[in-house]
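>>> Task: produce atomic coordinates for the following.
(one chain, ligands or ions: 1)
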Amino acid sequence: MPSNAIERIKHAWADHGRHFGQYQFVYPVISRRAGGISLGINLNPDLVCNFDCPYCQVERNAGAEPMPAFTTEGLRTELDHAIGHWIANKFTDSPRFEGISPEQLDLKDICMSGDGEPTLEPGFPEVCALLRELQDALPDLNLKLTLITNATLLHQEKVQAGLKILTSLRGEIWGKLDAGTEDWFRTMSRSRYKLDHIESNLCQTVQKFPLRIQTMLCTVNGAPPSHAELEAWANRISHIYQANPANLLEVQLYSIIRRTSTSEVGPVPPEFLEDVAAWLRAKIPVPVGAY
Ligand code: SF4
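The predicted structure follows:
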């Protein structure tokens, strides 16, 4: 455990492990973007995802222990327990948060993320309803609800029904857009999906719901995205912005800070993120954050 306060908080930011105590579906983390504790919900303990991003931190190797299937009832039990734990002592008795000051342990949001794409879970709308119930039961906390998604399934009726519930009070969708060209998208997602489909889903989503775009900028075999790639990506952001400027809350740029499943990707320097952020701000009047 690092000895000074800044190193301790950096250590906690980097620790987004999905396993906390006895829980199977709930994991509190310190989130720079949320500005406190984000209570993560893992709807994919089976590690299933429809992307295979080279920067993913999930190890999907054959030797992994089989995990229990996700159930909404199991999630409800764990959430009740975790919220009770936070109310009792803000998790200050947990090694993960050892030495972090209590002001940095305020509970800010509940975030569907985890070991795969959350919207693959058939009970996605029921989970959204459960999180809304919890938000209503804890009005003093002003909790936000967040879905982190790769945007592949946002067009589905079942997913749309869930998004409507999720965003009815301080709810947001954080959708992944890692590329501008189909070539770079194939490299970054290693999936069968087309980037045009992702853009179309994000355009439809922003028309109805608050959206933040998340973009991973990293090197692949030592090379960062080219200027032509970034131009194509900015064009896609512009289309999403034009679909509903009021609902596009932010574009978030980030790079690799944790262990990745493959070694061909690497972080870009912070200055690269800052330069791209400034360049995008000059093109499109949308808040851009480099994290
Ligand atoms: S979409 Fe997320 S969980 Fe799925 S492979 Fe990519 S980074 Fe991993």
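>>> mind checking which helix or strand the closest residue to residue 261 other than its chain neighbours is in?
The spatially closest residue to residue 261, leaving aside those adjacent along the chain, is residue 56, at 5.0 Å (C-beta to C-beta, 6 or more residues apart in numbering). Every residue, glycine included, has its C-beta placed from N, CA and C. Here residue 56 is covered by no helix or strand, with elements defined by DSSP states H and E.
>>> likewise residue 100?
Residue 100 belongs to no helix or strand, assigned by DSSP H and E.
>>> and it, how many neighbours?
By other C-beta atoms under 10 Å, 20 other residues sit near residue 100.
>>> Let me see the contact set for residue 168.
Residues counted as contacts of residue 168 (C-beta atoms under 8 Å, 6 or more residues apart in numbering) are residue 132.
>>> related to what we said a few turns ago, surely the residue nearest to residue 261 meets residue 265?
No. Assessed by C-beta atoms under 8 Å, residue 56 is found out of contact with residue 265, at 9.6 Å.
>>> Let's verify the closest residue to residue 210 other than its chain neighbours: helix, strand, or coil?
The shortest distance from residue 210 to any non-neighbouring residue, by C-beta to C-beta, 6+ apart, is to residue 172 (4.8 Å). Counting by DSSP: H, G, I helix; E, B strand; the rest coil, the backbone at residue 172 sits in strand.
>>> measure residue 172 to the ligand for me?
17 Å (C-beta to the nearest ligand atom, to the nearest Å).
>>> cool, and residue 48?
9 Å.
>>> Strands of the stretch 1-150 of the chain, residue ranges please.
Counting by DSSP state E, counting those that start in this stretch, the stretch 1-150 of the chain has strands at residues 26-31, 36-42, 107-113, 144-149.
>>> Kindly report the residues of the stretch 1-150 of the chain close to the ligand.
Applying C-beta under 6 Å from any ligand atom, one finds that the stretch 1-150 of the chain approaches the ligand through 49, 51, 52, 53, 56, 58, 116, 117, 150.
>>> just for the stretch 1-150 of the chain, where's the confidence low?
Filtered on pLDDT under 70, the stretch 1-150 of the chain yields the residue ranges 1-19, 62-64, 66.
>>> where along it do the helices fall?
Using DSSP state H, counting those that start in this stretch, the helices found in the stretch 1-150 of the chain span residues 5-14, 72-89, 124-137.
>>> just to revisit the earlier point, turn the strands of the stretch 1-150 of the chain into TSV, columns for distance to residue 167.
Putting the strands of the stretch 1-150 of the chain into TSV (distance: least, C-beta to C-beta, whole Å) gives the following:
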stretch	distance to residue 167
strand 26-31	19
strand 36-42	16
strand 107-113	12
strand 144-149	8
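>>> So what's the residue count around residue 263?
The number of residues packed near residue 263 is 8, by other C-beta under 10 Å.
>>> Residue 153 too?
The number of residues near residue 153, taken as other C-beta under 10 Å, comes to 18.
>>> contacting residues around the closest residue to it other than its chain neighbours?
Excluding the flanking residues, the one nearest residue 153 by C-beta to C-beta, 6+ apart is residue 119, at 4.3 Å. For residue 119, the contacting residues are 147, 149, 152, 153, 154, 156, 159, 162, by C-beta under 8 Å, 6+ apart.
>>> follow-up on the earlier one: ok now do the residue nearest to residue 261, which residues does it touch?
With C-beta under 8 Å, 6+ apart, residue 56 has these contacts: 49, 260, 261.
>>> same deal with residue 204?
154, 155, 243.
>>> and the gap between the residue nearest to the last one when sequence neighbours are not counted and the ligand?
Once flanking residues are discounted, residue 243 sits nearest to residue 203: 4.1 Å by C-beta to C-beta, 6+ apart. As judged by C-beta to the nearest ligand atom, residue 203 and the ligand stand 19 Å apart.
>>> Residue 244 now?
As judged by C-beta to the nearest ligand atom, residue 244 and the ligand stand 24 Å apart.
>>> so that residue touches residue 207, yeah?
Yes. Contact status for residue 244 versus residue 207: in contact at 5.0 Å, counting by C-beta under 8 Å.
>>> so how far is the helix or strand containing residue 205 from its chain's centroid?
Assigned by DSSP H and E, residue 205 belongs to helix 195-208. How far helix 195-208 lies from its chain's middle: 17 Å, per C-alpha atoms, centre = their mean, to the nearest Å.
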